[in-house]
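A.B. asks: Take a look and give me a structure for this.
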Amino acid sequence: MAVPLTPPIPILIVDDEPDLRTLMVEALADQGYAAEGAEGGHQALERVHHQHFPVIFTDLNMPGGSGLELLRAVHEVDPKAMGILMTGYATTEAAIQALKRGAYDFIQKPFKLAEIEAALDRALERYRLVQENEEYQKNLERMVEARTQEILGLKNDIESLFEGFVKASVTAIESRDPSTSGHSNRVAELTVGLAEAINRTPNGPYGTLSFSDAQLRELRYASLLHDFGKVGVREQVLVKAKKIEGDHLEGILQRLHQRAMEAIQHHLAEAWRQGRPFDPAWLDHVLAQQQAETRRLFDIIQRSNEPTVLPQDVAEGLERLEGLTYQHWSGDQHPVLERADLEILRIRKGSLSAQEREEIESHVTHTYRFLSQIPWRGPLARVPDIAYAHHERLNGRGYPRQLTDAEIPTESKIMAVPDVFDALSAADRPYKAAVSVERSLEILEQEVESDLLDGEILRIFIEARIYERVHPPARRGA
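C.D. replies: Purely as a prediction, here's the structure:
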């Protein structure tokens with residue numbers, strides 16, 4: 001351990017000649033140094049073990065070992081000590097060898113006291129410079145460490161801020177469509193788990209593919225934010241459970257009821273014009289007949305309004321609704337169902353019109369435009385592209401760009417499987433009932449057969465039982 005160069009500075013003199021050793025100790029003591037003497041290498045090493053000497057003068061040739069051997073041994077104990085060799089048999093080669101083997105300086109005997117003082121001054125100056133450099137390096141390292149910690153703290157703050165932004169974004173998505181609550185987080189959990197399973201798969205089409213931690217993080221963010229564009233879709237379209245909803249449906253049913261009342265009124269008026277006496281049984285028959293007809297029409301509308309596959313008998317029943325009218329308050333006859341209403345009720349599957357479906361599908365483009373506004377860098381640079389393609393399909397029948405197999409990023413193909421799986425197996429949504437895990441997997445296999453989803457990715461998803469991350473066996477069996 002180095003010590004500050006404050007008087008008295010410890011100096012060690014190692015020489016087997018007592019007179020020379022004493023002379024040097026006294027001379028240096030007179031100069032204000034804490035000089036000590038040692039008669040040989042063994043005694044010198046004992047002192048070095050107990051005290052630090054910035055400078056050690058040692059004779060080159062001593063009984064029991066040379067000065068070079070001593071300096072090498074001292075260096076192992078105290079590498080900061082400066083060694084100066086003294087010898088009466090000096091040659092240029094000997095001096096070079098001494099310096100190569102660890103000596104700082106070399107003095108030839110006999111020498112003058114001024115030479116000793118000059119060598120000591122040089123050694124102490126060198127010692128001071130080395131100490132200052134080491135202290136500078138330590139301070140620099142401390143500054144670098146402090147700055148590094150500051151940068152790491154800032155980086156952690158930024159990452160925490162970004163994580164909060166992502167969570168807030170997911171919350172914003174789900175607030176628009178509460179029925180899909182948890183979907184983004186489940187898709188992210190399944191997608192990352194699936195990518196990790198691909199990492200563990202040594203063979204097959206993806207045997208050479210390995211996602212780094214940074215790439216898994218990129219995939220997680222893309223999965224969490226893949227539906228963010230839904231904030232740009234009208235809420236009534238996002239949560240639309242029936243083909244016709246709310247007041248619009250209520251108005252159609254009310255018009256059917258009014259039409260029935262108009263028919264009964266017509267029968268009564270006709271009977272009175274004919275002078276028929278009041279007949280309660282006949283009236284009950286007319287009422288029952290008209291109510292039965294209205295209920296049949298109600299049933300056709302309500303069954304055709306469901307988002308399930310439209311039954312053939314219901315599709316044929318809709319023909320009976322075409323052309324039905326009721327009397328408007330103005331006295332004019334208006335259709336019970338507008339042509340647009342009939343077209344919507346004739347939708348073969350689902351609850352969305354072609355225009356509404358296009359609006360829903362536009363969420364992918366909204367997502368890409370939104371994510372592209374964020375300055376993603378480095379390993380997160382592809383987040384927008386991965387999210388952009390999660391609804392593309394291998395046969396080119398996906399959306400929004402109708403990409404084919406070779407054009408779809410592998411990460412998007414991976415995300416597509418959990419996205420479809422969760423849409424099928426999640427708890428009931430307004431427009432569909434939940435599907436069992438087993439049935440969901442069967443549907444996914446059918447999608448592979450239809451060249452929509454990647455078969456190898458689905459195989460790994462099933463064999464690695466990735467779906468159990470969100471549907472544990474115990475819960476499924478409960």
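A.B. asks: CA only for contacts and neighbour counts going forward, please
C.D. replies: Will do.
A.B. asks: shaky segments in the stretch 351-478 of the chain?
C.D. replies: 428-433, 474-478 (pLDDT under 70).
A.B. asks: mind listing the helices for it?
C.D. replies: Under the criterion DSSP state H, counting those that start in this stretch, helices of the stretch 351-478 of the chain are mapped to 354-372, 383-388, 410-425, 437-449, 455-463, 473-477.
A.B. asks: what distance separates the longest one from the centre of its chain?
C.D. replies: In terms of C-alpha atoms, centre = their mean, to the nearest Å, the centre of helix 354-372 is found 23 Å from the chain centre.
A.B. asks: buried set for that helix?
C.D. replies: Residues 356, 359-368, 371 are the ones in helix 354-372 that count as buried (16 or more other C-alpha atoms under 10 Å).
A.B. asks: what's the single longest helix in the protein?
C.D. replies: helix 113-176 (DSSP state H).
A.B. asks: ok, and what's touching the next helix or strand after it?
C.D. replies: Sequence-wise, the next helix or strand downstream of helix 113-176 (DSSP states H and E) is helix 183-199. By C-alpha atoms under 8 Å, 6 or more residues apart in numbering, the residues outside helix 183-199 that reach it are 170, 206-207, 209-211, 216, 219-221, 223-227, 414-415, 418-419, 422-423, 426, 457, 460-461, 464, 466-467, 469-470.
A.B. asks: again, 7 Å this time
C.D. replies: 170, 206, 209-211, 216, 219-220, 223-224, 414-415, 418-419, 422, 460-461, 464, 466-467, 469-470 (C-alpha atoms under 7 Å, 6 or more residues apart in numbering).
A.B. asks: Got a quick ChimeraX command for the buried subset of the residues you listed?
C.D. replies: Written as a ChimeraX command, the selection of buried residues from the contacts of helix 183-199, which uses 16+ other C-alpha under 10 Å, is:
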select :170,209,210,211,216,219,220,223,224,414,415,418,419,422,460,461,464,466,467,470
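A.B. asks: nearest to residue 74, of the helices of the stretch 351-478 of the chain?
C.D. replies: Judged by C-alpha to C-alpha, the one of these that comes nearest to residue 74 is helix 383-388, at 60.4 Å.
A.B. asks: what about the closest one, distance to the chain center?
C.D. replies: 13 Å.
A.B. asks: Please name every helix or strand in contact with it.
C.D. replies: helix 213-224, helix 354-372, helix 410-425 (3 or more C-alpha pairs under 7 Å, 6 or more residues apart in numbering; DSSP states H and E).
A.B. asks: Make a markdown table out of the ones you listed and add distance to residue 201.
C.D. replies: Shown next, in a markdown table, are the helices and strands packed on helix 383-388 (distance: least, C-alpha to C-alpha, whole Å):
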| stretch | distance to residue 201 |
| --- | --- |
| helix 213-224 | 16 |
| helix 354-372 | 30 |
| helix 410-425 | 14 |
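A.B. asks: closest to residue 345 out of those?
C.D. replies: The nearest among the helices and strands packed on helix 383-388, by C-alpha to C-alpha, is helix 354-372 at 12.3 Å.
A.B. asks: I'm done for today, thanks for sticking with me.
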